[in-house]
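A.B. asks: Using only what follows, build the 3D model:
(2 chains)
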Amino acid sequence: MAIKLEKVTQTFYENLEQGKILGRKCPKCGAVEFPPVYACNTCGSLETEWYEISGNAKLHSIVMPAPLSSKPEYKALGKFCYGEIELEEGSRFNGVVRGMTKKKRKQYLEEGKLPLPVKAAIYQRDGYKTVVFDLVEE
Amino acid sequence: MAVMNQTKINPYKRSVSIIGVGCTPFMYTVDREETNGLTEGEMFGYAALKAMEDAGVSPKDVDFYFHGEASPLNGSNYLTPNIQVANWFGMKGKASIHHSEACCTGYYAIEEAVNAVASGKYNCVLSGCVEFGDAVAVPNHPYKREKMTMEKFLQTTAWLYERGYTRSFMAGQELIYDDAAEWYKRTRGLTDEEMDDTLNHMCINNRKNASVNPLAIMRKTYEEEAKEQGFDDVMEYMRSPYNPKMGDFLRAGGLEIKCDGAAAVIVCATEMVDKYMGNKSHKPIEVLGVGCAACEAITPHFEVTATEEAVRQVYEVTGVKPEEIDIFYSNDFIITSHLISAEIAGYLPYGEGWKYICEGRTAYDGDKPINTNGGRTAFGHAHAASGLADLYEAVHQMRGEAGEGQVKKIPKTAMLRGYGGAQNICTYIIRTAE
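C.D. replies: So this is what the prediction gives:
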């Protein structure tokens, strides 16, 4: 491998159009960067390689949208929340999880269900596709 | 937690002290005849000259200046705002640099200035910030401004977030309002009602502090405001539609009051304070250390994670213990910041901070004062300038010159924690020289 001036962002979005969700895996320590970037934030390796993620993940926190944290275009998501997502490959980041309601949150928290299983999905936004997650309900 | 890089910082090559501070009132300039039309040079220049006067120095003594403005293109039609103001305070021809870390700018103002003197390159440096958070410059007019609409404000704050992934993923930019409250409530085991009351009490305490601060923008206490609306119980008012829920946890009162203002500080090598301060009687205040970290908004619990790292750095490099901190400031444009940063810093005990707040112990007349000027929800938020306005207040408290809002025991050691710009953290400890 070599350090390359590479269109990582564009490649990520083009692969979403093909139904693939890509991260980057560190050849030295095995950590997966998601969303994909050049270098490894775990061990400091200067290089990473493309890696297709499974989409299996956990939701560690739940914040419901509210007047300050909503936009008209988010209506198309249906019911959803924001939160900390952990991929089974290890990456953690903030994302959107569809299918969450205030009632469900209350129940999950009362029953001590966090973290909750979620699954990645490809979602059409205005002009491009992005990644959201769906609750995996038992 | 997310993968988090850490940095080991080293002690300064030489000690640096704060010898002068200056600050304008925080205000809506266009709303009043006597302030409508004030310019960047006039606001920054006033704060800079007040800081010089306070320090006992002339512009000829100052080697270099730093200039902070969060959004100069939007607010001032400037790309290089540092260049545009030097002539106003007698520093024509002297070098300067502009920096923006958005709402954290006024905290990085200290990091930049102290490094410049501690390195040995300069002996005496000015660091100032200005912001017209409520009034944008009218293009092609020499002094007119117009109100910053909320639409324009939200349009420009969207620029704070990374284009490639964060904006696309739709979460990082929205979590700024409630992530810290969710984290605190979950990790400390509070009920919804306890969390709501804690947020409301922080707003009440901030207003109480601002009510005795002549530079603050919101001078009316919430008790007075509640009475005017027919409420005898201020908490009933705070839980009412007069203070609506704007976030999952956050109510309207917990949001910044964006406004206009400027503030400045003079720092010099501690070994040279006698030369610069002349016959000034106040003691210099030494900057013991500055810890910095940053988590882009896609990082889970960005504020918590970066604050933990910055606080760790500053305690490690200074050797100061949390119990030595006498007064605490936190950039709380989202009120929750005030609670979580004070606990992370160990200024309030883990899991107990919310009780201190609800009991009023963190108001200026309490035993654990926080944001004695009223913080961002009551002193106001002139974005870049807010951090140095907090330093102005801390310095006056440490000199015993804070007037009606003076804390009971004159503080010797203070911690100030800056936050902003999606998201930078800059935390520093200052101590009155012996």
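A.B. asks: For the helix or strand that contains residue B:273, name the packing helices and strands.
C.D. replies: Assessed by DSSP states H and E, residue B:273 sits inside helix B:273-277. If contacts are counted by 3 or more CB pairs under 8 Å, 6 or more residues apart in numbering or on different chains; DSSP states H and E, helix B:273-277 sits against strand B:16-23. Bear in mind the C-beta positions are built from the backbone N, C-alpha and C, glycine included.
A.B. asks: which other helices and strands contact the helix or strand following the strand it packs on?
C.D. replies: Note on strand B:16-23: by DSSP H and E, the next helix or strand toward the C-terminus is helix B:40-55. In terms of contacts (3+ CB pairs under 8 Å, 6+ apart), helix B:40-55 is packed against strand B:16-23, strand B:124-132, strand B:260-269.
A.B. asks: With mean pLDDT, distance to residue B:276 and mean neighbour count as added columns, please give those strands in JSON lines.
C.D. replies: Formatted as JSON lines, those follow (pLDDT from 0 to 100; distance: least, CB to CB, whole Å; neighbours: other CB atoms under 10 Å in any protein chain shown):
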{"stretch": "strand B:16-23", "mean pLDDT": "98", "distance to residue B:276": "6", "mean neighbour count": "26"}
{"stretch": "strand B:124-132", "mean pLDDT": "98", "distance to residue B:276": "6", "mean neighbour count": "31"}
{"stretch": "strand B:260-269", "mean pLDDT": "98", "distance to residue B:276": "5", "mean neighbour count": "30"}
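A.B. asks: So which of those is nearest residue B:298?
C.D. replies: Of all the helices and strands packed on helix B:40-55, strand B:124-132 sits nearest to residue B:298, with 26.4 Å by CB to CB.
A.B. asks: Direction included, what does the closest one pair up with?
C.D. replies: Using DSSP bridges, the strands paired with strand B:124-132 are strand B:64-68 (parallel), strand B:260-269 (antiparallel).
A.B. asks: List of residues touching the first one?
C.D. replies: Counting by CB atoms under 8 Å, 6 or more residues apart in numbering or on different chains, strand B:64-68 makes contact with B:44, B:48, B:81-82, B:85-86, B:91, B:94-101, B:105-106, B:108-109, B:112-113, B:116, B:122, B:125-130, B:384-385, B:388, all of which sit outside it.
A.B. asks: So which of these sit within helices?
C.D. replies: Within the contacts of strand B:64-68, residues falling in helices by DSSP state H are B:44, B:48, B:105, B:106, B:108, B:109, B:112, B:113, B:116, B:388.
A.B. asks: Now do the contacts for the third one.
C.D. replies: Going back to what we said before, that points to residue B:105. Residue B:105 neighbours (CB under 8 Å, 6+ apart): B:68, B:69, B:70, B:99, B:129, B:383, B:384, B:385, B:387, B:420, B:421.
A.B. asks: between the residues you listed, which is nearest residue B:317?
C.D. replies: Once CB to CB is applied, the member of those that ends up nearest residue B:317 is residue B:387, at 19.7 Å.
A.B. asks: For burial, what's the neighbour tally of the closest one?
C.D. replies: Counted by other CB atoms under 10 Å in any protein chain shown, the residues lying close to residue B:387 total 32.
A.B. asks: now do residue B:406
C.D. replies: With neighbours defined by other CB under 10 Å, the count for residue B:406 comes to 18.
A.B. asks: Would you mind measuring from it to residue B:317?
C.D. replies: 30 Å (CB to CB, to the nearest Å).
A.B. asks: Near chain B, which residues of chain A? Just list them.
C.D. replies: Counting by CB under 8 Å from any CB of the partner chain, chain A comes close to chain B at A:9, A:31, A:35, A:41-42, A:60-70, A:74, A:77, A:82-85, A:92-96, A:109, A:114, A:125, A:128, A:130-132.
A.B. asks: who in chain B is up against chain A?
C.D. replies: So far as CB under 8 Å from any CB goes, chain B lies against chain A at B:1-3, B:5, B:164-166, B:168-172, B:174-175, B:177-179, B:182-183, B:186, B:245-248, B:250, B:255, B:297-301.
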